[in-house]
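>>> got a predicted structure plus its sequence, pasted below:
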Amino acid sequence: MIEDILIENKNQLIWTAVVVFGLLLLRFGLKQSAKRIAKRDELNYARTKLIYKYINVLVSFIAFFSLLLIWGVEVRELALVFSSVFAVIGIGLFAVWSILSNVTSGVIMFFSCPYKIGDKIQIHDKDFPIDEAIIEDIKAFQLHLRTNDGELVTYPNNLFLQKSVTLLKKDAMLDRIENTDR
């Protein structure tokens, strides 16, 4: 019984093993690349973990799509299902476009943001200017900024990329910690 199933589905099982192995290699390679970039740019581990999650979602999506094709789902049927799902998701995301914009900005900031946790910055925004603040954390959706008054300000990632920002001092958080120890 089991032998018959194995013989009947021999090609699909072989291709499944090849795809799974290939995607594991892809996932490993992408994570190593992200790790090298994080180490080179001295990025926070929490930001690196966030990119790892994005890599896992991407590889899972590719695996799901590939396995459906291997096991005989027709491309036409698959295209119909995915176009319907993406249409519904697209309508839903249109309503919450700022969330998607902030996540995308977070990914962009991971790879190319010149500011790091601990830097003192000034944000030139006519509606909500921030004269001096220290970057405490960079999350998926927003930055956590600590003003000189001790207020915690959450600033959306997409606005951070759109506004002019001045770097006032590198690693200003170290200075603040040293001053509180005295």
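Received the coordinates, thanks.
>>> ok, and the closest non-adjacent residue to S66?
Spatially, and ignoring its direct neighbours in sequence, S66 is nearest to V19 (4.8 Å; CB to CB, 6 or more residues apart in numbering). (C-beta placed from N, C-alpha, C; glycine too.)
>>> dihedrals phi and psi, that neighbour?
phi -70, psi -50 (degrees, to the nearest 10).
>>> what do you get for E74?
When read as degrees, to the nearest 10, the backbone of E74 gives phi -70, psi 140.
>>> quick one on the thing from earlier: I figured the residue nearest to S66 hits L68, correct?
No: counting by CB atoms under 8 Å, V19 does not reach L68; the two are 10.9 Å apart.
>>> which stretches of this protein form strands?
Applying DSSP state E to the chain gives strands spanning 120-124, 130-138, 142-147, 152-156, 164-169.
>>> same for the second one, what does it pack against?
It stands for strand 130-138. Packing contacts for strand 130-138, counted by 3 or more CB pairs under 8 Å, 6 or more residues apart in numbering; DSSP states H and E, involve strand 120-124, strand 142-147, strand 152-156, helix 172-181.
>>> sheet partners, orientation included, of that strand?
Applying DSSP bridges, strand 130-138 is found paired with strand 120-124 (antiparallel), strand 142-147 (antiparallel).
>>> is it possible to get a markdown table of those that adds mean pLDDT and distance to V153?
Output for the strands paired with strand 130-138, formatted as a markdown table (pLDDT from 0 to 100; distance: least, CB to CB, whole Å):
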| stretch | mean pLDDT | distance to V153 |
| --- | --- | --- |
| strand 120-124 | 92 | 9 |
| strand 142-147 | 92 | 4 |
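>>> out of those strands, which comes closest to N9?
strand 142-147 (48.1 Å; CB to CB).
>>> convert the C-alpha atoms of that closest one to PDB, please.
Provided in PDB are the C-alpha atoms of strand 142-147 (Å, rounded to 0.1, in the frame of the first residue of the first chain):
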ATOM      1  CA  GLN A 142       8.400  53.300  14.000                       C
ATOM      2  CA  LEU A 143      11.400  54.700  15.700                       C
ATOM      3  CA  HIS A 144      11.500  55.400  19.500                       C
ATOM      4  CA  LEU A 145      13.000  58.700  20.100                       C
ATOM      5  CA  ARG A 146      13.800  60.100  23.600                       C
ATOM      6  CA  THR A 147      13.800  64.000  23.800                       C
END
